[in-house]
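Asks: Here you go, sequence then predicted model.
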Amino acid sequence: MPDTLTITDNRTGQAYEVPVTDGTIRAMDLRQIKTDEGDFGLMSYDPAYKNTASCRSAITFIDGDKGILRYRGYPIEQLAEQSTYLEVAYLLINGELPTRDELDGWKHETTTHTYVHEFFKTCMEGYRYDAHPMGRLVAFLGTLSTFYTESKDVRNPQSRQENIVRIIAKMPTIAAWAYRHSLGRPYVYPDNDLSYCGNFLSMLFKVAEPKYQSNPVLERALDVLFILHADHEQNCSASAARSVGSSEADPYCSLAAACAALYGPLHGGANEQVLRMLGQIGSKDAVPAFIKRVKNRESKLMGFGHRVYKNYDPRAKVIKTLADQVFEVTGPNPQLEIALELERIALEDEYFVSRKLYPNVDFYSGLIYQAMGFPTEMFPVLFAIPRASGWLAQWSEMLADGEQKIARPRQIYTGAGSRDYVPVYDRG
């Protein structure tokens, strides 16, 4: 016998039996609950979708209470240790890890689409040198839509695949050129002999050397960070990609919307806020006083706690180990000892433990990016590049889901009732 939920409407005394599937009831099943025939029917009210499933997805699994994150069933810890970003991107988009031949073909495809049209140089020069690179990334994704007009045929599997490859391949190029423009340096073209992350580092930091060679530890660290940021279920930006994509917008415009969501400081700017917080604390000795201010609600503790995780963020565990490897190459970040002391006290203090405020992925990622030479305004861009694979996986899955329609939430109207127009000279 299927699971059901019996709802008794105390307004009418009427009882309703609603099916329960996968721990959920369908919101449309509530519409049958009415006070009379003229009643629209019951709706659920859930600001920010804190307890609403908007889709069925097979991409990413999160158990926030247990601190579990899996891509297509694979634990994030195993992927970070053994895989590469391009392999993980293939997994997210196609559902399975690639065979050797499939991986070689995937690498070849993404490598041969790294170049962008020369017109993008003209576009870049239209911005001030200090224009935020994330704002440019949003704009340039939309611009790519005008170059690949066949991408609007979103129901064509071949077109979808071709443009998925283009986006993953071109994101680092656009991001690196935005960075170079901000410094007044000449643009560096992609080097297709290098790895995905090695090529990105070359386009960012190459000066005059004939062949750029990145430090293997830093290149691997960036690859792991890209894996950790590749997808995170139905977050704000993924939901934006799905919502815009539900209108059958092309993938470039759908991802531009996702990037715009990530541009917000509450989403993609958290690791920058961590660095600002550590800078305000100033020294290891000042940490206890800062903790006291946090408890008194005079300061905010950034990089701790998460909307989903009520346990230690599994990505944070990986990043903490990664940070040690990076700092062996770059030298210690002066803010590291402040961060370690802050983490130590917070994990032992009942105030934070009882509130399940554990370090999240943003707590150490900013320190690593800073040590590698990235300015803070590049942090959300470094988030967006790998997250493109997750957004594209979510976008593709949404298009293939027969239950999905164009996104159109309901509202509870709180405005004025019906009233007649009054000419301007009669208004009091």
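Replies: Here it is on my side, so go on.

Asks: now the helices for the stretch 301-428 of the chain?
Replies: 314-330, 336-348, 350-354, 361-371, 379-400 (DSSP state H, counting those that start in this stretch).

Asks: what comes up buried for the second one?
Replies: Buried positions in helix 336-348, judged by neighbour count with 16 or more other Cβ atoms under 10 Å: 336, 338, 339, 341, 342, 343, 346. Where you see a C-beta, it was placed from the backbone N, CA and C, and this is true even at glycine.

Asks: Determine which two of those residues are furthest apart.
Replies: 336 and 346 (15.5 Å; Cβ to Cβ).

Asks: ok so, going back, mind putting the helices of the stretch 301-428 of the chain into CSV with mean pLDDT and distance to residue 143?
Replies: Below are the helices of the stretch 301-428 of the chain laid out as CSV (pLDDT from 0 to 100; distance: least, Cβ to Cβ, whole Å):
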stretch, mean pLDDT, distance to residue 143
helix 314-330, 89, 32
helix 336-348, 87, 38
helix 350-354, 87, 45
helix 361-371, 87, 26
helix 379-400, 97, 15
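
Asks: of all these, which lies closest to residue 59?
Replies: Ranking those by proximity to residue 59 (Cβ to Cβ) places helix 379-400 first, at 5.2 Å.

Asks: The closest one packs against which elements?
Replies: Judged by 3 or more Cβ pairs under 8 Å, 6 or more residues apart in numbering; DSSP states H and E, helix 379-400 is in contact with helix 85-94, helix 133-147, helix 157-183, helix 216-228, helix 236-245, helix 251-263, helix 270-281, helix 361-371.

Asks: From the rest of the structure, what touches stretch 16-25?
Replies: With Cβ atoms under 8 Å, 6 or more residues apart in numbering as the test, stretch 16-25 has contacts from 2-9, 26, 29-30, 32-33, 53, 56.

Asks: re earlier: tell me which of the helices and strands packed on helix 379-400 lies nearest to residue 124.
Replies: Closest of those to residue 124 is helix 157-183, at 4.9 Å (criterion: Cβ to Cβ).

Asks: Report the mean confidence score over the helix or strand just after the closest one.
Replies: Heading C-terminal from helix 157-183, the first helix or strand you meet, by DSSP states H and E, is helix 196-205. The pLDDT scores in helix 196-205 average 97.

Asks: report the angle between the axes of helix 196-205 and helix 379-400?
Replies: Angle between the axes of helix 196-205 and helix 379-400 is 140 degrees (criterion: axes from the mean of the first three to the mean of the last three Cα atoms, to 10 degrees).

Asks: In helix 196-205, which residues are buried?
Replies: 196, 197, 198, 199, 200, 201, 202, 203, 204, 205.

Asks: try stretch 69-81
Replies: Buried-residue list, stretch 69-81, by 16+ other Cβ under 10 Å: 69, 70, 71, 72, 74, 76, 77, 79, 80.

Asks: The second one belongs to a strand?
Replies: Yes. The assignment for residue 70 (DSSP: H, G, I helix; E, B strand; the rest coil) places it in a strand.

Asks: quick one: contacts for it?
Replies: 60, 61, 62, 76.

Asks: how near is the first one to residue 272?
Replies: It stands for residue 60. As for residue 60, its distance to residue 272 is 24 Å (criterion: Cβ to Cβ, to the nearest Å).

Asks: ditto for the second one
Replies: Noted for residue 61: a distance of 28 Å to residue 272, by Cβ to Cβ.

Asks: neighbour count winner among those two?
Replies: residue 272 (21 against 15; other Cβ atoms under 10 Å).

Asks: Now that one: closest residue in space, sequence neighbours ignored.
Replies: Spatially, and ignoring its direct neighbours in sequence, residue 272 is nearest to residue 376 (4.6 Å; Cβ to Cβ, 6 or more residues apart in numbering).

Asks: Give me the secondary structure label for residue 36.
Replies: coil.

Asks: what about it, neighbour count?
Replies: Neighbours of residue 36 using other Cβ under 10 Å come to 6.

Asks: Please apply the same query to residue 219.
Replies: Per other Cβ under 10 Å, the neighbour tally for residue 219 reads 20.

Asks: hey, C-alpha coordinates of stretch 315-327 in PDB?
Replies: Taking C-alpha atoms only, stretch 315-327 is exported to PDB below (Å, rounded to 0.1, in the frame of the first residue of the first chain):
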ATOM      1  CA  ARG A 315      34.900  20.000   1.200                       C
ATOM      2  CA  ALA A 316      36.500  22.000   4.100                       C
ATOM      3  CA  LYS A 317      38.300  18.900   5.300                       C
ATOM      4  CA  VAL A 318      39.800  18.400   1.800                       C
ATOM      5  CA  ILE A 319      40.800  22.100   1.500                       C
ATOM      6  CA  LYS A 320      42.500  22.200   4.900                       C
ATOM      7  CA  THR A 321      44.900  19.500   3.800                       C
ATOM      8  CA  LEU A 322      45.300  21.200   0.500                       C
ATOM      9  CA  ALA A 323      46.200  24.500   2.200                       C
ATOM     10  CA  ASP A 324      49.200  22.800   3.900                       C
ATOM     11  CA  GLN A 325      50.500  21.700   0.500                       C
ATOM     12  CA  VAL A 326      50.100  25.100  -1.100                       C
ATOM     13  CA  PHE A 327      51.700  27.000   1.800                       C
END
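
Asks: residues making contact with that stretch?
Replies: Residues from elsewhere that reach stretch 315-327, judged by Cβ under 8 Å, 6+ apart: 69, 76-77, 80-81, 217-218, 221, 224-225, 228, 333, 336, 358-361, 363-365, 367-368, 371-372.
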